[in-house]
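Engineer: Compute the structure for the input listed below.
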Amino acid sequence: MEYTVLVRMNEKLFLRDPESSELGRRIVRQGILLMSDIGFEEMTFRKLADRINTKEASIYRYFENKHRLLVYVVAWYWQWLEYQLIFQTNNLPDPREKLERVLKLLLLKDISSFSSQPIADELDIVALHSIVIREASKAYLTRHITEDNRQQLFKPYKDLCSRIAGIILEYRPDYPFARSRASSIIETAHYQAFFMQNLPSLTDFGSQPNQTPTPENDERLLRFLQHLLFSSLETDTF
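Structural biologist: A predicted model of the protein is given here:
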């Protein structure tokens, strides 16, 4: 039986729910592709309007600016990732195995094992993952973060971190830094993936800038994250 999981996005993120119309869905899906292709800085609503053959003013009826669109798609990704985490760890009794799965999810490894329909409806997850790696920090590194946080725009990221922290505490109930370790392992995974592709001298996993990551380097990055996570959880000194 086919099904679709609907995600309720924070209404503060948009002026009109983009999932309520065909145009809105195209704005989000093609916006992701455009942002992945040319980057957040170069993207404009005029370029997006040209891409989807509509008027720039039509996009502004859904999002007040491109930063709100960025926050929207990044928040969408965190909710999708949390869904996948629940889906893929629900029947795993071993918390270490759950944490191993978390690391693979953060790197989008074994994507064929992901639940194919949940929330994804023609949305390019690989392109969105690339945006999260390159642009996600721009969602909250702003002078208006306090107001954005008050409006709970970052709740999906906090929820994901909280869920990972819960698995960490399953593995090591007395570990005192579960939330810090959860958020830092997410950020480390994404920063190292970015460095591997663009600033390889900052990693041990790449050779030339703009080089397509090899399976061997992806695997080495995964092993590094495993070492980073489990060595910190297994130490007796805090």
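Engineer: can you list the weak-confidence ranges in the chain?
Structural biologist: Within the chain, the set of residues satisfying pLDDT under 70 comprises 1-6, 111-121, 207, 210-211.
Engineer: cutoff 90 now
Structural biologist: 1-8, 109-123, 197, 205-218, 235-238 (pLDDT under 90).
Engineer: which residue ranges form the helices in it?
Structural biologist: For the chain, helices defined by DSSP state H occupy the ranges 22-38, 45-52, 56-60, 66-89, 95-106, 125-135, 145-150, 155-171, 178-198, 215-233.
Engineer: now stretch 20-34: how far from the chain's centre is it?
Structural biologist: Relative to its chain's centre, stretch 20-34 lies at 18 Å (C-alpha atoms, centre = their mean, to the nearest Å).
Engineer: mind listing what's buried in that stretch?
Structural biologist: Buried positions in stretch 20-34, judged by neighbour count with 16 or more other C-beta atoms under 10 Å: 24, 26, 27, 28, 29, 30, 31, 32, 33, 34. To be clear about C-beta, it is placed using only N, CA and C from the backbone, and glycine gets the same treatment.
Engineer: Contact partners for the third one?
Structural biologist: Contacts were defined as C-beta atoms under 8 Å, 6 or more residues apart in numbering; by that measure residue 27 touches 18, 48, 52, 59, 62, 63, 69.
Engineer: 10 Å instead?
Structural biologist: 14, 18, 21, 45, 48-49, 51-52, 54, 58-59, 61-63, 69, 72 (C-beta atoms under 10 Å, 6 or more residues apart in numbering).
Engineer: Repeat that for the fourth one.
Structural biologist: The neighbours of residue 28, taking C-beta under 10 Å, 6+ apart as the test, are 9, 14, 18, 19, 62, 63, 69, 72, 73, 76, 123, 128.
Engineer: how about 6 Å then?
Structural biologist: Listed by C-beta atoms under 6 Å, 6 or more residues apart in numbering, the contact set of residue 28 reads residue 18.
Engineer: Starting from residue 232, give me the distance back to it.
Structural biologist: Noted for residue 28: a distance of 37 Å to residue 232, by C-beta to C-beta, to the nearest Å.
Engineer: got it, and the first one?
Structural biologist: When C-beta to C-beta is applied, the distance between residue 24 and residue 232 equals 43 Å.
Engineer: Could you find the closest non-adjacent residue to residue 71?
Structural biologist: Using C-beta to C-beta, 6 or more residues apart in numbering and skipping residues adjacent in sequence, the residue nearest residue 71 is residue 139, 4.7 Å away.
Engineer: Provide the count of other residues in contact range of that neighbour.
Structural biologist: 23 (other C-beta atoms under 10 Å).
Engineer: repeat for residue 65
Structural biologist: 11.
Engineer: for it, phi and psi?
Structural biologist: Main-chain dihedrals, residue 65, degrees, to the nearest 10: phi -160, psi 170.
Engineer: Which residue comes closest to residue 104 once chain neighbours are left out?
Structural biologist: Nearest non-adjacent residue to residue 104 (C-beta to C-beta, 6+ apart): residue 110, at 5.9 Å.
Engineer: a markdown table please, covering the buried residues of stretch 20-34 and showing distance to residue 161.
Structural biologist: Formatted as a markdown table, these follow (distance: C-beta to C-beta, whole Å):
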| residue | distance to residue 161 |
| --- | --- |
| 24 | 29 |
| 26 | 31 |
| 27 | 28 |
| 28 | 24 |
| 29 | 27 |
| 30 | 30 |
| 31 | 25 |
| 32 | 23 |
| 33 | 28 |
| 34 | 29 |
